[in-house]
Each structure stands twice: as structure tokens, then as C-alpha cells.
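the sequence and its predicted three-dimensional model are supplied below.
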Amino acid sequence: MTYQYTFKDCLQRAERITWRVEDLIGGDKTLDFARPFLPETFARTEPLDFLGADEKLTLNQIRGHAYLAMFGLVEEFILPFVLDHARSVINGDDYRARAFLEFASEEAKHIHLFRRFREEFHAGFGSPCDVIGPPEAIGAHVLGQPPLAVALLTLQIEWMTQAHFLGSVKDDQALDPQFKSLLLHHWMEEHQHAQLDALMTLSIAETLDQAGIDAGIDAYVGLAGFFDSGLKQQARFDLEALQRAIGRSFSAAECESFLRQQHQANRWTYLGSGMTHPRFLGTLGALNAEKRAAVEAMAPAYS
């Protein structure tokens with residue numbers, strides 16, 4: 001499989017993007033808690049008919065907090081993974097080495113940005129919202145898998161980010177402009193990251209025989225199941241956060257409905273929407289067409 005871009009192309013585009021964390025958050029750049037943060041396609045608050053309009057807005061913001069916290073979490077294992085790969089190519093093609101080092105630098109910047117967001121969110125929201133973790137434990141589990149599996153998971157996340165912004169966030173005028181700004185600037189750099197990771201995934205695969213490639217894809221599927229368990233726990237955290245924020249508890253039946261519906265919303269947001277991205281599937285199909293078909297068949301469970 002070949003691509004119409006090179007390491008030099010990715011590096012040159014990255015070097016034209018020069019935003020700083022300090023330019024995007026803090027001072028007069030504040031979150032607007034009168035507006036939703038996430039598109040309804042991801043938040044899926046409308047089916048929860050036992051919530052009032054204000055409560056649905058609160059849940060939307062809780063989900064928005066988890067959304068950026070989740071990106072911060074996964075980038076904490078993507079950063080060392082990219083650095084390890086960059087180390088192995090440092091004496092090769094100069095553009096390749098520089099592109100991956102730029103990739104790592106930008107991931108570190110994103111982690112910083114999302115930490116600052118969480119500080120701003122907690123200062124304005126008024127009650128605690130928990131997120132799965134700790135990141136170190138999740139990262140250790142992920143990085144313990146075959147490199148091809150980690151590269152595929154990273155690629156899925158990066159193409160997912162592209163689809164989310166372009167397909168749902170960009171033209172949604174109801175969303176808080178400050179939250180959209182954070183997603184916009186994240187997206188601007190993740191475009192290069194997705195392309196670089198596609199090249200990295202294929203370069204890792206080139207060092208493996210077909211059995212090794214298949215084992216890496218199987219481990220990627222296992223990581224999807226690992227994160228699915230975490231997303232179920234995240235739905236529980238969001239339920240607890242919502243009850244704290246609105247000052248009332250739900251019935252057992254309402255809790256069950258919430259957990260079922262919000263777990264599925266999380267599954268689509270973080271798994272299904274990435275698994276079905278055509279460019280992710282294209283890379284997967286280049287490695288093994290039968291396993292691509294198996295992932296496509298699995299994806300509707302995460303919709």
C-alpha cells in the first residue's frame with residue numbers, strides 16, 4: 001500500500017501550525033457553561049427522557065470533560081510509543097526522523113492543553129467528574145502489546161479525531177466556541193499524526209511475517225475490548241458526576257437505562273467511529289483483508 005504524501009510533506013505542514021497552549025486557554029478564553037460542549041451524535045442525551053433540559057446540558061458538559069480527558073489519557077501512551085519509534089529511525093531519513101520528533105512534541109503539547117482544560121473545567125463546573133485511569137496503568141497495559149497493535153490503535157484514534165471534527169463539530173453552531181477552539185487546534189495537528197501513523201504502521205508491518213501481522217491485529221482487537229470495559233466504567237463515573245451536579249438521585253430503572261445508553265454512546269464515540277473510518281480500514285485491509293472484514297463485522301456492536 002502506498003500513500004500520496006511523504007514524511008517531508010507531513011513535516012512541512014506541521015511546521016506551518018504554530019499555536020501555543022497559552023494562546024488557547026486562560027485569561028478571557030473561558031468555557032461557556034450555558035452551552036453544550038459535544039454534538040448530540042456523541043453525547044446522546046436526548047433519549048434519556050427522565051432528564052430535564054438543564055440536566056441534559058449538564059450531562060453534555062460532563063461528557064465533554066471526559067472526551068478531552070480521554071484524549072489526554074491516550075496521548076500519554078502515544079507519546080512514548082512515538083518516541084521509541086523515532087529513536088529507531090534517528091540515523092535514517094532526516095525528514096522521517098524530524099517528522100516523528102515533531103509528532104512527539106505535538107502530542108506533549110496536547111497533553112498539556114488537555115490538563116489545562118481540566119483545570120478550567122473543574123474551576124467552572126463546580127463539582128468533581130472522575131475519569132478512568134490512572135493513565136500510567138492504562139499506558140503500561142497498552143504498551144505491553146505488540147507494536148503493530150499499538151500502532152493500529154493509535155491510527156484508529158487519530159482518524160477518529162478527524163471524523164469527529166469534520167463530520168460533527170466543525171459546523172455545529174450550538175457548541176461552546178471555546179470548546180470548539182480546543183478541538184479545532186487539536187484536529188489541525190492530528191491530521192499530520194494520522195498520516196504519519198499510517199506510514200509507521202506499514203513500516204512496522206514490513207518487519208513482520210504474516211503470522212506476526214495477524215498476531216498484531218488480534219492484539220489490536222483485544223485492546224478494543226480492554227477499552228470497552230473502561231468505557232463501561234466511564235459511564236458509571238458520568239452517572240455519579242451527574243447526580244452530584246444536579247443534586248438528585250435516579251431510580252434503579254433510570255440508572256440502568258442511563259448506563260446502558262451512555263455506555264453505547266461511549267462505544268460509538270471512541271471505538272465504532274474509528275473502526276469504520278475508511279482510511280483506517282484501508283490500512284488494515286492492506287495488512288490482512290480477512291481481518292479487516294472481521295473488524296468491519298465487529299464494528300456495529302460499537303454503534
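Right, received. Where do you want to start? Numbers count the residues shown, from 1 in each chain.

OK, contacts around Q156?
Y220, L271, G274, M275, H277, F280 (CB atoms under 8 Å, 6 or more residues apart in numbering). Bear in mind the C-beta positions are built from the backbone N, C-alpha and C, glycine included.

go again with 6 Å.
G274, F280 (CB atoms under 6 Å, 6 or more residues apart in numbering).

how much space is there between L182 and F117?
Separation of L182 from F117 (CB to CB, to the nearest Å): 6 Å.

confidence score at the residue lying farthest from the centre of the chain?
Centroid-distance maximum for the chain: S251 at 31.8 Å, with CA atoms, centre = their mean. Per-residue pLDDT puts S251 at 98.

try E102
On the pLDDT scale, E102 gets 88.

quick check, it in a strand?
No: using DSSP: H, G, I helix; E, B strand; the rest coil, the assignment for E102 is helix, not a strand.

run a quick neighbour tally on it.
For E102, the count of nearby residues is 22 (other CB atoms under 10 Å).

does it really touch A14, like I thought?
Yes: when contacts are counted by CB atoms under 6 Å, E102 is listed as touching A14 (4.9 Å).

gap between T45 and F250?
T45 is 14 Å from F250, by CB to CB.

and for H112?
36 Å.

go on, S168?
28 Å.

list the buried ones in the strand or helix carrying A140?
Secondary structure assigned from DSSP states H and E places A140 in helix 135-143. For helix 135-143, burial by neighbour count (16 or more other CB atoms under 10 Å) applies to P135, I138, G139, V142.

same deal with stretch 34-50?
R35, P36, F37, L38, P39, E40, F42, A43, R44, T45, L48.

and that stretch, how far apart are its ends?
21 Å (CA to CA, to the nearest Å).

in the chain, where is pLDDT below threshold?
For the chain, applying pLDDT under 70 flags the ranges 1-3, 92.

all strands for it, in order.
In order along the chain, the chain carries no strands (DSSP state E).

ok, which stretches of it are helices?
Under the criterion DSSP state H, the chain carries helices at the ranges 7-15, 21-24, 40-43, 53-88, 94-125, 135-143, 147-164, 177-205, 210-246, 252-267, 273-275, 278-287, 289-298.
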